[in-house]
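Engineer: Provided below for reference: sequence and predicted model.
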4 protein chains.
Amino acid sequence: MAFQSDNSAAPCPEVLAAIAAAAPATLAGYDGDALSASLAQAFGALFDHPCEVLPVVTGTAANALALAAMVPPYGAVVCHQEAHIEVDECGAPGFYTGGASLMLVPGAGGKLTPDAINTATAGHRGDVHQVQIRALSLTQATEAGTVYTPAELAALGDLARARGWRVHLDGARFANAVAHLGCHPADISWRAGVDILSFGTIKNGGLSAEAIVVFAPDLVEDLRFRRKRAGQMPSKGRFQAAQLLAMIGDDVWLRNARAANAAAQRLAAAAGDRLLHPVEANEVFVKLRPGEAEVLRAAGLGFYDWGAVGSGEARFVASWDTAERAIAAFEKVLAGS
Amino acid sequence: MAFQSDNSAAPCPEVLAAIAAAAPATLAGYDGDALSASLAQAFGALFDHPCEVLPVVTGTAANALALAAMVPPYGAVVCHQEAHIEVDECGAPGFYTGGASLMLVPGAGGKLTPDAINTATAGHRGDVHQVQIRALSLTQATEAGTVYTPAELAALGDLARARGWRVHLDGARFANAVAHLGCHPADISWRAGVDILSFGTIKNGGLSAEAIVVFAPDLVEDLRFRRKRAGQMPSKGRFQAAQLLAMIGDDVWLRNARAANAAAQRLAAAAGDRLLHPVEANEVFVKLRPGEAEVLRAAGLGFYDWGAVGSGEARFVASWDTAERAIAAFEKVLAGS
Amino acid sequence: MAFQSDNSAAPCPEVLAAIAAAAPATLAGYDGDALSASLAQAFGALFDHPCEVLPVVTGTAANALALAAMVPPYGAVVCHQEAHIEVDECGAPGFYTGGASLMLVPGAGGKLTPDAINTATAGHRGDVHQVQIRALSLTQATEAGTVYTPAELAALGDLARARGWRVHLDGARFANAVAHLGCHPADISWRAGVDILSFGTIKNGGLSAEAIVVFAPDLVEDLRFRRKRAGQMPSKGRFQAAQLLAMIGDDVWLRNARAANAAAQRLAAAAGDRLLHPVEANEVFVKLRPGEAEVLRAAGLGFYDWGAVGSGEARFVASWDTAERAIAAFEKVLAGS
Amino acid sequence: MAFQSDNSAAPCPEVLAAIAAAAPATLAGYDGDALSASLAQAFGALFDHPCEVLPVVTGTAANALALAAMVPPYGAVVCHQEAHIEVDECGAPGFYTGGASLMLVPGAGGKLTPDAINTATAGHRGDVHQVQIRALSLTQATEAGTVYTPAELAALGDLARARGWRVHLDGARFANAVAHLGCHPADISWRAGVDILSFGTIKNGGLSAEAIVVFAPDLVEDLRFRRKRAGQMPSKGRFQAAQLLAMIGDDVWLRNARAANAAAQRLAAAAGDRLLHPVEANEVFVKLRPGEAEVLRAAGLGFYDWGAVGSGEARFVASWDTAERAIAAFEKVLAGS
């Protein structure tokens, strides 16, 4: 009954089957196999737009490579102050970009707005004494479990375009956002101005494959070299491609995401006024009442404390395979308080 | 009938089974699971020496991270001029080290010798105008399919120690070397002065896990951060650990390597005086006679031309699962010439 | 009548004379000359503490090299959100450190306090998912023209020491601080826990030499290589050493700083309640009344607008050679409003 | 009587006078002053071609910045195996480029040829597994004291152009080459395909200013930011500009170079068959006869041993101000042997 992270979940059967199916020897290593060769077309069909796809093994690598393709070493990336790239990646963007900066912007519910960005960057100059803002990195679903609407994203994309910035979307939970919105994946990616999407599967029932989906053709070639140089190009690349294809085939990615979102809605309903943010994806942030954390843990539920020590805040993350009994246990404890 | 690379081979059943077995959800992501937690002890037992183990997804990452832990950005690494870190990793050492240099040394059969190193570094100074040599990187088995004896390695380790250099061993085919020598793995690692070993499994029937095995305790902490920052720490780390444990359990790694080496011996016997180097691992380098390359390919054998264009040189790599019929086809063509 | 920056000032006669005196040919380039060789002793006497001195050509280089010697690429540096290293150096710390982060902390009057640092870093963890704080960078005199007392600095140094951080002091206007405090230079450097001081001269009547003064012996060797590699080691190093020696000889540095501070006090008195910060060094920040900026400029005074557009805020920087007539013009305009 | 290096020489009077003349306060720091603003036009007139000029303080910085503007972090630069960027800059190119490689090519007399480059790069591939060659760096005059003819340089420039490489010219002794050839400076720079020239003055009677002269407009903007970020943009930039203008005004640079070259010719004549390379600039490489080194040093001459220990090889560098008595002493010793 683990709510610590969607990283703790099992891989879904389709992904495991795809790995087994890709096992036989092939004539070509790296990306020379047939599965790898079909990625661009498969994702192009999914997104209804030409794109290139570079599999990597972690979201950290996907994000950092994307940013490295967008900003020079003296560049800067605007992002939310709680963005994964700032908080949880041990400085990977600084490493991959050769020392570029993140420019942190606050925002309620994990969301950036044009106003917040304009305010934060108002005093920033274009002269040689300052780092140069060249990209905007957004997270969808956000770190707070909320989801940008297509219109919200498009407005941010417009702002970026107007200022000459590229747009990166950290989509570690992109599937949850699409499932929540019921929109076409294009609506919250290239149609909203996204140049590169970190398309996550690992938190969504995948095993070890994330996809860098590049909608901006001019950014592709550079990425190929950076990916190899970062040790992110597996020699048996077919296993990465197989996982990605299994996820987007037969809508597995959406089915998994819907299941996780639905589980989160159950938790949200149980949490009631304990909720810190609207629950729009698979993450539930709550302010527990005194004593509840202990009771939940005694009941066998795993989760992380969040926020300041002693605040009572906690995070529960649902997964594609969250067990009914785990939800029920959560409901029971919170109902009993 | 693919002799292009051991990267083309299938993963062995033990590895696939281990992945499947690791699938169920766990309480902890990253390296917090039980499999990951057991790596140090398992490898410590294998090597008969305390060590730390950091799984990564490519040999390139293993090598580059190891070097980054050993040399400062203004440092230099002595290596063979045909080393994988120089020829096949798109400059990964430069990336991970923050710009350190490789100092290339020639050597017959892919091997370095103390004499060759002393000659190449004789004019190098310790003053601030030059990069500072701080590490020696060796490859075992070598890029030419040969194998250093324990004594040869120990002599190189002694030289490094005497000059204050750390020692890295690129062991993408370490298993093939141990299988060839019939030695204890310690004899060609820490007993020979190796500080960090890139322990490969992917070329040896693995799927996506390589291990950085650190014998020098002072290098461990730095590596943990560098690995995370490089996007080389999977959130579902248990699948990496599972693969590594499957490989070293029940001597799978040696069984696979022996099979590959034996296949290579068959090719070597058939190649006779076409051989360019002694065949001591699973790679066979030959100078084909005119027309043979075409006949081999017409017979369905895949392999890479090697060396200068038109030289007739070619590389054949055997794997743990090289088919008898592939060997027989090779033998038949070469016998018929 | 330029109040734009102390960078606009003339070099003082002592520095120009020292350059001329160092002109004759020497037997040794780089730092091999007698002047360079005497730097450590001269600064050691000035600070009453053993130290090493590495001349560089800009404050940016001094700061960035100092930080690179203190933090690993996955490290972080705590600094004020308006620190020069964040705002005015085009990301130099990211470049020199190999991608480390600055962790920005707010503080009134350009000053950090232990409380502000503790608050800002309270949620920061030591695990591999986050950058590792390894240094505190302070600025003395601050970017707001204020000066830390020795006790304030010592408290910050204690905090850093307790948390295992090194301490860097950006002393572009260190002389102004010493002149203001009337203290021994040791009181606001090594005695307060400073490991490396960027000792500025260029804003204080110098021409092109800044000194990295290293009080922590373990940081010296690394710095020597980084400095050379950064192209910060002039082949005719004697001219850098000559400038530094001229500045600290005969108390030129303090005489110049006292003159600049005194000029700033004149401006401060004239500014009265327009002052935004206490004037403790040579910078005067004011909120001008409507129309005053235009009148000042019409009177031939040069200065920069500061803060938000339309705020009326402005910065006036006094120099060692600020002309009496410039001060008088300032006084006249502000008195007349 | 120092023949160690042209770095040991005095700055020429014109440069010292220009520094003194630039001393008065100005309204603008950094490159905002009138002298800095006139650099592009002055060098444009000198080279008979539009260009941008960025002053830096060392040749190392000029070279490394130029290369960083030309190659990506996964790139490579072809250069002579004895090039200053490889041998004497502590890995600065690796630092500034973010980890790019130097690809070393041998060549007699310090010169590269199209044949040597083609041979060395024949096996290099354009795939993602290898670093990408994107620039050719040449040195004029060479490290061996020889000078490329305009035709030799143009052939190398043509080769680079045909392969899509940019061309950098390390002109630490560019003046000596122009003086030797009697050509227009354009003939061995932009007309030969050079994109960026490191125009040296410090070895030629200058003090602390080198110029990055950019003939390729697309490389300029990136360089401005990289220069600032490297701490190579002095706040009192007028002193850098003043030095450069003094050197190219009234042909000071050529007059100084001619004097140094003439002194070297005197040494060359005295050396006779001891010469290791043709003397075409201001460096004289000799193989001394047994005992001569000791006699020369006893006579008060300073110089560096060169090549392998015990080889008897030595380097003598003449300067614009080499004293007649130093030449005479050299002649006397060698005549007496």
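Structural biologist: Yep, that arrived. Numbers count the residues shown, from 1 in each chain, chains lettered A, B, ... in the order given.

Engineer: and the closest residue to residue A:54 other than its chain neighbours, what element?
Structural biologist: Distance criterion CB to CB, 6 or more residues apart in numbering or on different chains; nearest residue to residue A:54, sequence neighbours excluded, is residue A:212 at 4.3 Å. For glycine as for every other residue, the C-beta is placed from the backbone atoms N, C-alpha and C. Here residue A:212 sits within strand A:210-214, counting by DSSP states H and E.

Engineer: Which elements pack onto that strand?
Structural biologist: If you count contacts as 3 or more CB pairs under 8 Å, 6 or more residues apart in numbering or on different chains; DSSP states H and E, strand A:210-214 packs onto helix A:39-47, strand A:52-56, helix A:59-70, strand A:196-199, helix A:220-229.

Engineer: Please render the ones you listed as CSV that adds mean neighbour count to the earlier fields.
Structural biologist: Output for these, formatted as CSV (neighbours: other CB atoms under 10 Å in any protein chain shown):
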stretch, mean neighbour count
helix A:39-47, 18
strand A:52-56, 25
helix A:59-70, 29
strand A:196-199, 30
helix A:220-229, 21
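
Engineer: Adding mean pLDDT as columns, could you present the ones you listed in CSV?
Structural biologist: Formatted as CSV, the helices and strands packed on strand A:210-214 follow (pLDDT from 0 to 100):
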stretch, mean pLDDT
helix A:39-47, 98
strand A:52-56, 98
helix A:59-70, 98
strand A:196-199, 98
helix A:220-229, 98
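
Engineer: Of these, which is nearest residue B:9?
Structural biologist: strand A:52-56 (19.7 Å; CB to CB).

Engineer: quick one: the longest helix along chain A to helix A:39-47, angle?
Structural biologist: Longest helix in chain A, counting residues (DSSP state H): helix A:252-271. Relative orientation of helix A:252-271 versus helix A:39-47 (axes from the mean of the first three to the mean of the last three CA atoms, to 10 degrees): 50 degrees.

Engineer: can you tell me the average pLDDT over the next helix or strand after helix A:252-271?
Structural biologist: Next along the chain after helix A:252-271, taking DSSP H and E as the criterion, comes strand A:283-287. Averaged across strand A:283-287, the pLDDT comes to 98.

Engineer: what does stretch A:200-217 give?
Structural biologist: Mean predicted lDDT for stretch A:200-217 stands at 98.

Engineer: For it, buried residues please.
Structural biologist: A:200-216 (16 or more other CB atoms under 10 Å in any protein chain shown).

Engineer: coming back round to it: distance check, the residue nearest to residue A:54 against chain B.
Structural biologist: The gap separating residue A:212 from chain B is 11 Å, by CB to the nearest CB, to the nearest Å.

Engineer: Equivalent analysis for residue A:70, please.
Structural biologist: On the measure of CB to the nearest CB, residue A:70 and chain B end up 16 Å apart.

Engineer: any idea how far residue A:161 is from that residue?
Structural biologist: 13 Å (CB to CB, to the nearest Å).

Engineer: Likewise for residue A:25?
Structural biologist: In terms of CB to CB, residue A:25 sits 47 Å off from residue A:161.

Engineer: For the stretch 151-300 of chain A, which residues are neighbours of chain B?
Structural biologist: A:202-203, A:207-208, A:225, A:228-236, A:239-240 (CB under 8 Å from any CB of the partner chain).

Engineer: Closest one of these to chain B?
Structural biologist: residue A:231 (2.8 Å; CB to the nearest CB).

Engineer: which residues does the residue nearest to that closest one when sequence neighbours are not counted contact?
Structural biologist: Residue nearest to residue A:231 in three dimensions, not counting chain neighbours: residue B:61, with 2.8 Å by CB to CB, 6+ apart. Taking CB atoms under 8 Å, 6 or more residues apart in numbering or on different chains as the contact definition, residue B:61 lies against A:230, A:231, A:232, B:92, B:210, B:230, B:232.

Engineer: of those residues, closest to chain D?
Structural biologist: For those, the nearest to chain D is residue B:92 (8.8 Å; CB to the nearest CB).

Engineer: what's the first-to-last distance across stretch A:269-280?
Structural biologist: 12 Å (CA to CA, to the nearest Å).

Engineer: Run the chain-centre distance for the longest helix of chain A.
Structural biologist: 16 Å (CA atoms, centre = their mean, to the nearest Å).

Engineer: tilt between that helix and strand A:283-287?
Structural biologist: Using the same axes, to 10 degrees: helix A:252-271 against strand A:283-287 is 20 degrees.

Engineer: For the stretch 1-150 of chain A, list the residues in contact with chain D, please.
Structural biologist: Residues of the stretch 1-150 of chain A lying near chain D (CB under 8 Å from any CB): A:72, A:73, A:74, A:98, A:128, A:129, A:132.

Engineer: tell me, which of those make contact with chain B?
Structural biologist: Near chain B, by the rule CB under 8 Å from any CB, you find none of the residues of the stretch 1-150 of chain A next to chain D.

Engineer: can you pick the most crowded of those residues?
Structural biologist: Neighbour counts for these, by other CB atoms under 10 Å in any protein chain shown, peak at residue A:74, which reaches 28 neighbours.

Engineer: Go ahead and confirm it touches residue D:225.
Structural biologist: Yes. The pair residue A:74 / residue D:225 is scored as a contact, 4.3 Å apart, by CB atoms under 8 Å.

Engineer: Need the residues touching each of these two.
Structural biologist: What both residue A:74 and residue D:225 touch, as defined by CB under 8 Å, 6+ apart, is the set A:132, C:90.

Engineer: residues near the one residue in the stretch 201-337 of chain A that gets nearest to chain C, how many?
Structural biologist: Relative to chain C, the nearest point of the stretch 201-337 of chain A is residue A:308 (7.0 Å; CB to the nearest CB). For residue A:308, the neighbour count with other CB under 10 Å is 10.

Engineer: how much space is there between it and chain D?
Structural biologist: 36 Å.

Engineer: quick one: contacts for that residue?
Structural biologist: Shown in contact with residue A:308 (CB under 8 Å, 6+ apart): C:122, C:123.

Engineer: In three-state terms, label it for me.
Structural biologist: The three-state assignment at residue A:308 reads coil, by DSSP: H, G, I helix; E, B strand; the rest coil.

Engineer: which residues are there in the stretch 201-337 of chain A that come within reach of chain C?
Structural biologist: With CB under 8 Å from any CB as the criterion, the stretch 201-337 of chain A meets chain C at residues A:308, A:309.

Engineer: Show me which residues of the stretch 201-337 of chain A sit near chain D.
Structural biologist: A:222, A:224, A:225, A:226, A:227, A:228, A:229, A:233.

Engineer: ok, which pair from the residues of the stretch 151-300 of chain A next to chain B is furthest apart?
Structural biologist: Between all members of these, the farthest pair (by CB to CB) comes out as A:203 and A:225, at 27.8 Å.

Engineer: wait, what's in contact with the residue nearest to residue A:203 when sequence neighbours are not counted?
Structural biologist: Nearest non-adjacent residue to residue A:203, counting by CB to CB, 6+ apart: residue A:6, 3.9 Å away. Residues near residue A:6 by CB under 8 Å, 6+ apart: A:173, A:203, A:204, A:260, A:282, A:317, A:318, A:319, A:320.
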